[in-house]
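J.: sequence plus the predicted model coming up.
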Amino acid sequence: MTESERQERARLLRAWNSARRRLADGPTGESVGARLARLAAEGADAYDLTGWTDVYGNEDGIVGELERRTAAALGTEAAAFFPTGTMAQQAALRCWAERTGSGTVALHPLAHPVRWERDALRRLTGLSVVHPTEAPRLPTAAEVRDAAEPFGTLALELPLREAGFLLPSWDELTATVAAARERDAVVHFDGARIWECATHFGRGLPEIAALADTVYVSFYKSLGGLSGAALAGPEAVVEDAAAWRHRYGGQVFQQWPAALAALVGLERELPRLPEYVAHARTVAAALREALTESDVPWWLVWPREPHTHQFQVWLPYGVRELTEAGARQAEETGTLLFRRWSEPAGAPPGLAMHEVTVAAAGLTWSAGDVRDAVADFLGFLPRRSSSRTG
């Protein structure tokens with residue numbers, strides 16, 4: 001990173017963190033001291049802080065307690081804490097390959113192991129990947145049933161982030177899982193964000209998790225933790241995965257701060273996620289209304305009604321223009337609507353995307369507040385053609 005890039009990053013962080021109003025707090029919104037103080041204060045409600053810190057994730061320590069509470073929340077026999085979700089899924093899929101005798105995993109091409117893990121499945125575990133569908137959604141039962149190549153594990157990302165945090169219907173999901181069973185395949189859920197899926201499915205987490213043989217969950221993507229993940233499922237499989245965790249270098253000496261933050265998330269954030277999902281739908285509707293009334297030539301709020309508390313907004317401007325407009329709005333009005341924009345791989349040129357998250361900080365925003373914020377934000381953008389589509 002160049003000095004100018006460092007200065008620009010620092011300026012963006014100042015703008016975002018100084019905003020009085022935002023839809024969600026970011027992970028870099030506090031100083032180190034403030035975050036530690038908050039962890040200690042909130043952690044006292046989630047765990048007995050007078051106990052000793054543990055090392056290497058002792059079963060009778062805080063990591064063991066997190067594993068037990070995670071298994072209980074998901075209704076599984078066991079759960080194992082991992083320092084990263086990437087490692088958790090690598091271990092899980094490797095274990096299933098050994099148990100099924102098949103080194104082929106059926107995955108969506110937009111799934112995290114394909115897009116963001118540097119070909120680790122193939123290079124570290126020797127596994128191969130097939131894609132039941134190329135469509136920007138999870139595979140259907142027919143696509144799984146009719147897949148041309150054999151596979152031992154079907155891995156489903158719930159929700160599919162890169163496609164707009166999309167989820168199938170409950171009937172579609174159960175049918176897809178059944179189709180995998182017909183092929184004698186096991187099912188693994190990439191559930192980094194499965195915590196907020198219950199509202200869309202109309203089912204509790206144990207019923208959702210019960211569809212799969214194993215489930216990976218993240219403790220920071222929805223629950224506000226520091227880091228860390230867990231693999232949940234049958235005790236024998238979780239034990240095997242924990243052995244691979246050690247082999248991969250994940251047997252961390254002390255990880256109690258991450259475990260404590262995860263326990264806080266389970267206690268404080270998990271019960272509030274349905275409220276966030278419901279309000280995300282209000283925010284998305286207000287964004288659509290505001291953009292319809294604007295002179296922006298093309299836009300998209302996707303999905304139209306969010307499936308979780310996160311969704312995408314697409315606008316026909318460059319990343320730098322949009323990110324700068326958001327920073328200026330925060331600096332000049334104290335309202336932060338959008339942070340950093342991106343140009344996803346394969347997107348048409350001239351379009352940029354923002355992932356909107358609605359959490360506790362955004363619950364006070366009315367539909368009118370959102371519409372006003374959109375109007376202000378657009379005022380910081382260069383003027384464009386008045387032809388309009390949405």
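T.: Perfect, I can see it now.
J.: what about residue 378, helix or strand, and which?
T.: helix 367-379 (DSSP states H and E).
J.: oh, I was asking about residue 216
T.: Using DSSP H and E, residue 216 sits within strand 214-218.
J.: partners of that strand, with directions?
T.: strand 186-191 (parallel), strand 229-233 (antiparallel) (DSSP bridges).
J.: still on that earlier bit, average pLDDT for the helix holding residue 378?
T.: The average pLDDT within helix 367-379 is 98.
J.: now do the buried residues in that helix.
T.: Across helix 367-379, burial judged by 16 or more other Cβ atoms under 10 Å covers 369, 370, 371, 372, 373, 374, 376, 377, 378. For every residue, glycine as well, the C-beta is placed using N, CA and C.
J.: can you say which of the strands paired with strand 214-218 is packed in most?
T.: Neighbour counts (mean count of other Cβ atoms under 10 Å) averaged over each of the strands paired with strand 214-218 peak at strand 229-233, with a mean of 28.
J.: just the CA coordinates for that strand, please, in CSV.
T.: The C-alpha coordinates for strand 229-233 follow below in CSV (Å, rounded to 0.1, in the frame of the first residue of the first chain):
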residue,chain,number,x,y,z
ALA,A,229,-15.9,-20.2,13.3
ALA,A,230,-17.3,-23.6,14.2
LEU,A,231,-18.0,-26.8,12.5
ALA,A,232,-21.1,-28.6,13.9
GLY,A,233,-22.5,-32.0,13.2
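J.: so for the helix or strand just after that strand, what gets flagged as buried?
T.: As assigned by DSSP H and E, the chain's next helix or strand after strand 229-233 is helix 235-247. By 16+ other Cβ under 10 Å, the buried positions in helix 235-247 come out as 237, 238, 240, 241, 242, 244, 245.
J.: give me the helices and strands touching the following helix or strand past helix 235-247, please.
T.: Moving toward the C-terminus from helix 235-247, the next helix or strand (DSSP H and E) is helix 256-264. With contacts taken as 3 or more Cβ pairs under 8 Å, 6 or more residues apart in numbering; DSSP states H and E, helix 256-264 sits against helix 32-43, helix 62-74.
J.: TSV for the buried residues of helix 367-379, including distance to residue 170?
T.: Converted to TSV, the buried residues of helix 367-379 look like this (distance: Cβ to Cβ, whole Å):
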residue	distance to residue 170
369	33
370	29
371	33
372	37
373	34
374	33
376	39
377	36
378	38
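J.: residues contacting the residue nearest to residue 74 when sequence neighbours are not counted?
T.: Sequence neighbours aside, residue 209 is the residue nearest to residue 74 in space, at 4.3 Å (criterion: Cβ to Cβ, 6 or more residues apart in numbering). Residues in contact with residue 209 (Cβ atoms under 8 Å, 6 or more residues apart in numbering) are 74, 75, 76, 189, 191, 194, 215, 232.
J.: the nearest residue to residue 64 once chain neighbours are set aside and residue 239, how far apart?
T.: Excluding the flanking residues, the one nearest residue 64 by Cβ to Cβ, 6+ apart is residue 58, at 6.1 Å. Distance, residue 58 to residue 239, by Cβ to Cβ, to the nearest Å: 16 Å.
J.: tell me the confidence at residue 157?
T.: Listed pLDDT for residue 157 reads 98.
J.: which residues touch the closest residue to it other than its chain neighbours?
T.: The spatial neighbour of residue 157 that comes closest, neighbours along the chain excluded (Cβ to Cβ, 6+ apart), is residue 190 at 4.0 Å. Contacts were defined as Cβ under 8 Å, 6+ apart; by that measure residue 190 touches 89, 111, 112, 113, 155, 156, 157, 158, 216.
J.: what's the answer for residue 98, then?
T.: For residue 98, the contacting residues are residue 240, by Cβ under 8 Å, 6+ apart.
J.: that one: what secondary structure?
T.: When classified by DSSP: H, G, I helix; E, B strand; the rest coil, residue 98 comes out as helix.
J.: coming back round to it: mean pLDDT and mean neighbour count added to the helices and strands packed on helix 256-264, as a markdown table?
T.: Output for the helices and strands packed on helix 256-264, formatted as a markdown table (pLDDT from 0 to 100; neighbours: other Cβ atoms under 10 Å):
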| stretch | mean pLDDT | mean neighbour count |
| --- | --- | --- |
| helix 32-43 | 96 | 13 |
| helix 62-74 | 98 | 21 |
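J.: how about those in TSV, adding distance to residue 120?
T.: Below are the helices and strands packed on helix 256-264 laid out as TSV (distance: least, Cβ to Cβ, whole Å):
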stretch	distance to residue 120
helix 32-43	30
helix 62-74	24
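J.: which one of those helices lies closest to residue 306?
T.: Distance to residue 306, taken as Cβ to Cβ, is lowest for helix 62-74 among the helices and strands packed on helix 256-264, at 22.7 Å.
J.: mind listing the strands for the stretch 251-390 of the chain?
T.: Residue ranges of the strands in the stretch 251-390 of the chain, as given by DSSP state E, counting those that start in this stretch, are 300-302, 310-315, 335-336, 352-357.
J.: what about the ones you listed, which gets the closest to residue 140?
T.: Between residue 140 and the strands of the stretch 251-390 of the chain, the shortest gap by Cβ to Cβ is with strand 300-302, which sits at 19.5 Å.
J.: quick one: strands adjacent to the closest one?
T.: Applying DSSP bridges to the sheet, strand 300-302 is found paired with strand 310-315 (antiparallel).
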